[in-house]
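Chemist: Pasting the sequence and the predicted model now:
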Number of protein chains: 2
Amino acid sequence: MPRGAGYIRPTYQHGRLEFRIEALDPTSKARAGTISTAHGLISTPIFMPVGTAGTVKAVHQRELRNDIGAQIILGNTYHLYLRPGMEVMHNAGGLHRFMGWERPILTDSGGYQVYSLAKTRKITEEGVKFASHIDGSRHFFSPEASMDIQRSIGADIIMAFDECPPYPCEYRYAERSMHMTHRWLQRCVDHLSANGPLYGHAHALFPIVQGSTYNDLRTQSAETISSFDAEGNAIGGLSVGEPAEEMYRTTELVCSILPHHRPRYLMGVGTPVNILESIALGVDMFDCVMPTRNARHGVLYTCQGIINIRNERWKDDHTPLDPQGTAYVDNEYSRAYLRHLFVSNELLGAQIASVHNLAFYLDLVRQARAHILAGDFRAWKDSVVPKLGQRAG
Amino acid sequence: MPRGAGYIRPTYQHGRLEFRIEALDPTSKARAGTISTAHGLISTPIFMPVGTAGTVKAVHQRELRNDIGAQIILGNTYHLYLRPGMEVMHNAGGLHRFMGWERPILTDSGGYQVYSLAKTRKITEEGVKFASHIDGSRHFFSPEASMDIQRSIGADIIMAFDECPPYPCEYRYAERSMHMTHRWLQRCVDHLSANGPLYGHAHALFPIVQGSTYNDLRTQSAETISSFDAEGNAIGGLSVGEPAEEMYRTTELVCSILPHHRPRYLMGVGTPVNILESIALGVDMFDCVMPTRNARHGVLYTCQGIINIRNERWKDDHTPLDPQGTAYVDNEYSRAYLRHLFVSNELLGAQIASVHNLAFYLDLVRQARAHILAGDFRAWKDSVVPKLGQRAG
């Protein structure tokens, strides 16, 4: 299929998301930039904490703002649709007001959770029928429904409704699925063109490149997605079990095709090392549940590597949690204390570890940005990656 | 038994806790005062949040300090002895350093939890043998052991090792138990006289009045306890299932005997109404798990009454959690949002509710103090008690 063939240009123009590139790393594809939204600026590269059901688990909004320095968070359409539901969400005036978060929000399309969480699901050209993982109740998501739900949530950036095939995936399935994702994208665009935002601020639609790990499909999908001239573009279907090398290869390929002057979002990625390597390939935005989910299991990311705070070796370590950490928890609490909280199943353990991990992730992308602006990102990345990935206890 | 007979005066004099009474309510027994400790001042009447295992559940130390305004917290000797254990505690330099809390701490004696939590327990004159509720391991608490554990924890105020009989309790059992508690007190005093504090700051020993709900036993116990001239005195064995009237009657009786110039601590009490009524009887210090435990079940205390935030009626209430509340959570989050967090089993729900309830309790005793200083405590109490106790949703 020739570049963009069969897809009309979107007429949807609610309000263009601005992206200004401020620096390019001379020895990698890394870029530093600024995204402007109705709820404020986002300095890229950026990591977006995942606020599944309208809450970044175990973290107060005030901590996200002041201690973690989150500039944008992610909400999950599937979860919010089921609970609290769109009537409550609409009455609240959208997710910003509902949860008390005045900075930018991005919502996913709901598709990924339907595929991974719902009890049963049936995918057709029209959309996806599924049963809720909570009570088995039956629901239907289509591109149009996803757009309407995300309009009710009122995020600044909303995602196209796609199919995310599993890994590994047969070529024929990946190809058919990719074409359907492209057709669904057009339906998303058409629906948004006919239905404006609900709360007076714009939402930018990001389409999603699919195609599994097949170079020709990824190329075709990236070209089609590019032809939509969206305000930003996402790379989906990665970090679903494939080897890291496949992920990097695919990301590099897709980034080489996606428009240079639009932000690029690599969905669901990843470890600190994954993030730095993908920044080097030209990615600007990331989200992942790892820092919060692992925090709740006592796994901490530090610049010395990954530690499991439950380990016996921390039992009598009364030094600060992370002397090089930037969050207040890093110096307010000791390793022995945090270990005690985890061993004793105390809620404060998850709270401390979640603030630490998210602050570490945000600090990491802040450092990456500073090194891109300074022109030495590649050398810095190569020097820190070996430590970041190692087990340090 | 005549007043104080059979009990020698303590020689223990580590460092006298100062208590200055600043105002007496003209129409009740309420007092406002200040307790001075090595870790700072405590304005009374005061409520002490319960930090069971070295953490006030779901609440950061910073929130306790800045948002709740806690002036002193309580640690449970039984829990801390089992986890993290006294070796870790001693290596940390005591609980203040271990948990990062620089204000005053009070520890209970460990007895109450042994009676209520341990798998098995055998009480003899020597002490209590018990099996841990965590792993069934066998341990022994005596007055001397309790003093040593509390010395290792390093609290500013430590409690005598007592027996807390259940309610109802036969007269003969209550009498025997009370006498043993008095003998155990002398052993606590003797042990502390021979063994100083471990971390350079003093700990004040508070003895505990027992005697169930029998007036003659309570009188006898209060007189005996008074004869020890301790730096503060506690009333134990209440709030264990007896009717509120019995609790108030017993508290009033005991307060009429305990020395006027020493702080009085009513252990394990209670609801907002219980606290105000007991302040009116001359009590200065309170602790209770209700505000935090109930918070984790979605039960909130407000000046309009008690609400269950899980109720359907809050589903679409997008007004602030508590417009009259003093904590940041009260205006940062809405009722509908907090309800959603509880219905969705999100950790942040317990966090928000815990901060709210503790801030409410601390604000309540601050208000009580202000009204005692203003001389209109009784009238104020009588005007707010009817609302505080009602179900408001």
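Modeler: Arrived safely.
Chemist: Could you measure from residue A:125 over to residue A:138?
Modeler: 19 Å (CB to CB, to the nearest Å). For every residue, glycine as well, the C-beta is placed using N, CA and C.
Chemist: Those two - which one has more neighbours?
Modeler: Shown here are residue A:125 and residue A:138; by other CB atoms under 10 Å in any protein chain shown, residue A:138 has more neighbours (11 against 8).
Chemist: Enumerate every residue touching the more buried one.
Modeler: Residue A:138 makes contact with A:129, A:130, A:131, A:132, according to CB atoms under 8 Å, 6 or more residues apart in numbering or on different chains.
Chemist: Please apply the same query to residue A:90.
Modeler: If you count contacts by CB under 8 Å, 6+ apart, residue A:90 has them with A:152, A:198.
Chemist: So it, which state does it fall into?
Modeler: helix (DSSP: H, G, I helix; E, B strand; the rest coil).
Chemist: Over to residue A:188?
Modeler: Three-state assignment for residue A:188 (three-state DSSP): helix.
Chemist: Quick one: residues contacting the closest residue to residue A:40 other than its chain neighbours.
Modeler: Once flanking residues are discounted, residue A:40 sits nearest to residue A:103: 5.4 Å by CB to CB, 6 or more residues apart in numbering or on different chains. By CB under 8 Å, 6+ apart, the contact list for residue A:103 reads A:39, A:40, A:65, A:70, A:71, A:72, A:73.
Chemist: Now the one residue in the stretch 151-300 of chain A that gets nearest to chain B: closest residue in space, sequence neighbours ignored.
Modeler: Taking CB to the nearest CB as the measure, the stretch 151-300 of chain A has residue A:296 as its residue closest to chain B, at 8.3 Å. The shortest distance from residue A:296 to any non-neighbouring residue, by CB to CB, 6+ apart, is to residue A:350 (4.6 Å).
Chemist: from memory that neighbour sits against residue A:294, does it?
Modeler: No. Applying CB atoms under 8 Å as the test, residue A:350 and residue A:294 come out as separate, 10.6 Å apart.
Chemist: between these two, which one's more packed in?
Modeler: Using other CB under 10 Å as the criterion, residue A:350 and residue A:294 rank with residue A:350 on top: 23 against 19.
Chemist: Near chain B, which residues of the stretch 51-200 of chain A are found?
Modeler: Neighbours of chain B within the stretch 51-200 of chain A, by CB under 8 Å from any CB of the partner chain: A:53-55, A:57-62, A:79, A:83-84, A:87-88, A:91-93, A:97-100.
Chemist: if you set the cut-off to 10 Å instead, what comes out?
Modeler: Residues of the stretch 51-200 of chain A lying close to chain B by CB under 10 Å from any CB of the partner chain are A:51-63, A:67, A:79-80, A:82-85, A:87-89, A:91-93, A:97-101, A:134.
Chemist: Which entries within those meet the buried criterion?
Modeler: With burial judged by 16 or more other CB atoms under 10 Å in any protein chain shown, the buried subset of these is A:51-61, A:63, A:67, A:79-80, A:82-84, A:88-89, A:91-92, A:97-101.
Chemist: Take the residues you listed and keep only those in strands.
Modeler: The strands, defined by DSSP state E, take in nothing from these.
Chemist: Can you tell me which of these end up in helices?
Modeler: Secondary structure from DSSP state H places A:61, A:63, A:79, A:80, A:82, A:88, A:89, A:91, A:92, A:97, A:98, A:99 of these in helices.
Chemist: Among those, which pair sits farthest apart?
Modeler: Within these, two members stand farthest from each other by CB to CB: A:63 and A:91, at 26.8 Å.
Chemist: Spatially nearest residue to residue A:392, not counting backbone neighbours?
Modeler: Spatial nearest neighbour of residue A:392, chain neighbours left out: residue A:305 (3.2 Å); criterion: CB to CB, 6+ apart.
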